[in-house]
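In: A structural model of the following input is requested.
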Amino acid sequence: MIFSSAVDPVTSLMRWGIFTFALFCTACGFNRTYLHPTTIPINAKGATLSSKWDTTRVQFQGDSRQPVFYSGKGDTLKRNFTVESTWFTTSGGHKLNGWMIRPTGMKPDITLLHFHGNAGCLLSQYQSLVPLVEKGFQVFAFDYSGFGMSEGEATREQVLLDGRAAVDYVRSRPDVNGTRLVLYGQSLGGHLAAVVGPEKSTSLDALVIEGAFSSHDDIAAEKMGFIGRLLVREQYSGKAAIGQWTKQLLVIHSTEDEVIPFRLGRELFDHAHEPKTFFEIRHPHICGPEFYADEIAQRIRAMVNQAN
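Out: Numbers count the residues shown, from 1 in each chain. Coordinates of the predicted model:
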């Protein structure tokens with residue numbers, strides 16, 4: 001009896017088509033995993049924030065959607081900073097929501113423009129830099145397209161456009177004139193800052209990158225091995241772009257980071273040119289300001305002074 005292992009051309013073509021379609025669907029799904037926005041309806045009256053410390057309620061007022069913060073018991077919270085809600089337009093023509101957070105009783109001489117990570121929205125992300133506001137910095141934080149109340153769709157292409165628009169908008173604000181502007185990106189926002197920073201270097205005085213990966217395909221390979229590099233679309237790369245940055249750079253990464261491996265932060269740093277500093281810390285992903293606010297504030301001020 002003779003057995004044949006030959007497969008007829010039609011069956012072979014069908015199998016290849018199924019495989020290609022499955023690979024395409026997997027790749028599309030994998031590329032979407034980079035962004036996990038929390039959305040808030042533009043007409044929402046409020047929201048509730050729960051943390052390991054307490055519960056905070058937020059009410060949104062007026063056309064600007066100005067946030068007013070209350071305790072879980074309903075009492076108005078008294079804080080040592082103010083928040084101004086504002087809107088600006090990205091190159092795609094839709095509006096993004098941002099907050100200017102200022103310390104009370106101080107006149108800031110440094111503005112931090114914050115690029116947040118790949119998940120949540122302003123309500124959860126702004127708190128990560130509050131310890132630096134308490135050190136005398138004013139911080140402008142905003143939501144990418146499709147995050148929070150910002151219009152548009154959350155895609156990696158659009159996030160890049162949003163970052164560029166945010167630099168232009170913040171630099172144009174009267175309350176930023178007379179201050180030094182430092183771009184501070186965390187996690188996915190840190191990788192984004194490594195790309196936007198060199199493009200907008202004439203508008204920036206220094207760059208801080210915390211807990212960032214070196215490129216999309218590097219983090220894909222970290223999560224899925226070599227197949228990750230096949231699936232990901234590398235639309236822009238932090239480690240490829242950071243070499244064009246010529247001003248002061250601070251890279252922060254924790255040796256205990258379980259989200260973005262420490263070595264990817266080092267790789268991003270190694271692709272950058274002087275002047276640069278690497279600040280090795282401990283604790284979980286992008287917790288630098290929570291545990292090292294004094295040290296980070298001192299390093300930012302030192303960079304700005306050296307840039308004079």
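In: list of residues touching stretch 101-111?
Out: 79-84, 126, 129-130, 133-134, 136-141, 170, 176, 178-182, 300-301, 304 (CB atoms under 8 Å, 6 or more residues apart in numbering). Where C-beta positions appear, they are placed from N, C-alpha and C, glycine not excepted.
In: rerun that using 7 Å as the cut-off
Out: 80-83, 126, 133-134, 136-141, 170, 176, 179-182, 300, 304 (CB atoms under 7 Å, 6 or more residues apart in numbering).
In: quick check: the residue nearest to Glu151 when sequence neighbours are not counted vs Tyr184, distance?
Out: Spatial nearest neighbour of Glu151, chain neighbours left out: His94 (3.7 Å); criterion: CB to CB, 6 or more residues apart in numbering. Distance, His94 to Tyr184, by CB to CB, to the nearest Å: 24 Å.
In: these two - which one has more neighbours?
Out: Set His94 next to Tyr184 and count neighbours by other CB atoms under 10 Å: Tyr184 wins out with 31 against 15.
In: next up, the contacts around that one.
Out: 112-114, 129, 208.
In: end to end, how far does stretch 249-268 reach?
Out: Stretch 249-268 has an end-to-end distance of 11 Å (CA to CA, to the nearest Å).
In: lowest-confidence one in the contacts of Tyr184?
Out: Across the contacts of Tyr184, the member with the lowest pLDDT is Leu129, scoring 92.
In: in a helix, that one, correct?
Out: Yes: assessed with DSSP: H, G, I helix; E, B strand; the rest coil, Leu129 lies in a helix.
In: now it. Nearest residue, chain neighbours left out?
Out: In space, Leu129 is closest to Val139, 4.9 Å off (CB to CB, 6+ apart).
In: same thing with Phe142?
Out: The shortest distance from Phe142 to any non-neighbouring residue, by CB to CB, 6+ apart, is to Gly98 (3.4 Å).
In: what about that neighbour, distance to Thr86?
Out: Here Gly98 is placed at a distance of 5 Å from Thr86 (CB to CB).
In: check His191 too.
Out: In terms of CB to CB, His191 sits 25 Å off from Thr86.
In: who has more neighbours out of these two?
Out: His191 (34 against 16).
In: which phi and psi values does the more buried one adopt?
Out: The phi/psi pair for His191 (degrees, to the nearest 10) reads phi -60, psi -40.
In: and it, what does it touch?
Out: Listed by CB under 7 Å, 6+ apart, the contact set of His191 reads 212-213, 238.
In: as a markdown table, the residues you listed with pLDDT, distance to Ala154 and neighbour count would be great.
Out: Shown next, in a markdown table, are those (pLDDT from 0 to 100; distance: CB to CB, whole Å; neighbours: other CB atoms under 10 Å):
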| residue | pLDDT | distance to Ala154 | neighbour count |
| --- | --- | --- | --- |
| Ala212 | 95 | 18 | 30 |
| Phe213 | 91 | 18 | 26 |
| Gly238 | 91 | 19 | 29 |
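In: am I right that Phe213 is in a helix?
Out: No: judged by three-state DSSP, Phe213 forms no part of a helix; its state is coil.
In: doesn't Arg266 make contact with it?
Out: No: in this structure, Phe213 is not within contact of Arg266 by CB atoms under 7 Å, at 11.3 Å.
In: show residues contacting stretch 247-265.
Out: 187, 201, 204-214, 218-219, 222, 268-269, 272, 275-285, 288, 296, 299-300, 303, 306-307.
In: pull out the buried members of those residues.
Out: 187, 201, 204-214, 218-219, 268-269, 272, 276, 279, 281, 285, 288, 296, 299-300, 303 (16 or more other CB atoms under 10 Å).
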